[in-house]
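Asker: predicted model and sequence below, questions to follow.
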Amino acid sequence: MATFTCQDCAKSFSLPQHVLDKYPGWTPRQCMDCRDAAKGTTGSNQSTSKRKKRSRTKDVILTTDEVLAEFTDGPDTGVFTDGGAVPNPGPGGWGAVYVRNGEVIAEACGHDPDTTNNRMELIAAMEAANLVPEGESATLYADSRLVVQTINEWAAGWEKRGWKRKTGPVENLDLVRPLYRTFRARPELKLEWIAAHSGYLWNEYADALASRWRI
């Protein structure tokens, strides 16, 4: 599966080869997150009536206190994750926050001097799962479609094939495999996509945690 870098958010994303075959010579400029945001579409857990335009956090790094003062929209319960590298690859960070009824239960963040967007997103999801006590139900919200599709759609097939894709090796297998096994061992956890930089409070908060190393 070919991998590209989004020219809007700088995150890596993949497209199936059969899609690329339909448009010979085409190089996609936007990931699905940015394309959906531009079109004004939403994920299944987000109401169209509440959707806001892309927030300024796409261009400005905010602290968690600034995020709390500025945003109010989005789910108020769940575990929210984010991760990225600037440039990609390069130094990066990840963040995760566990929230219940608008109150922070736990949070974590970290930094890697040499990494990629996708590795930071995968680590954020794993650390998010670790914030939730075993047996406690929770929804994890990631703004990386790649992470959500990897765990919810693709990883089961890769495991059956000995952790191999039909088109080649699984990227970041050292992170993908334990994350998939964590979700398989903990059916009380759900993983869903949430739009990035769209004014959803706790996604913006996770973004601030992931970007803390840059301040």
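Answerer: Cool, the structure landed.
Asker: tell me the buried residues in the biggest helix by length in the chain?
Answerer: Ordering each helix of the chain by length in residues (DSSP state H) puts helix 117-131 first. For helix 117-131, a neighbour-count test (16 or more other Cβ atoms under 10 Å) marks 117-129, 131 as buried. For glycine as for every other residue, the C-beta is placed from the backbone atoms N, C-alpha and C.
Asker: among those, which one sits closest to residue 140?
Answerer: Closest approach between these and residue 140, by Cβ to Cβ: residue 128, at 5.1 Å.
Asker: so the residue nearest to the closest one when sequence neighbours are not counted is in which element?
Answerer: Excluding the flanking residues, the one nearest residue 128 by Cβ to Cβ, 6 or more residues apart in numbering is residue 96, at 3.9 Å. If you go by DSSP states H and E, residue 96 is part of strand 90-100.
Asker: tell me the strands beside the next helix or strand after that strand, with direction?
Answerer: Sequence-wise, the next helix or strand downstream of strand 90-100 (DSSP H and E) is strand 103-115. Strand 103-115 sits in its sheet next to strand 90-100 (antiparallel), going by DSSP bridges.
Asker: hey, which helix or strand in the chain has the poorest pLDDT?
Answerer: helix 32-39 (a mean of 63; mean pLDDT, DSSP states H and E).
Asker: now the helix or strand following that helix: buried residues?
Answerer: Counting by DSSP H and E, the next helix or strand C-terminal to helix 32-39 is helix 64-70. Neighbour-count burial for helix 64-70 flags 64, 67, 68 (criterion: 16+ other Cβ under 10 Å).
Asker: sounds good, over and out.
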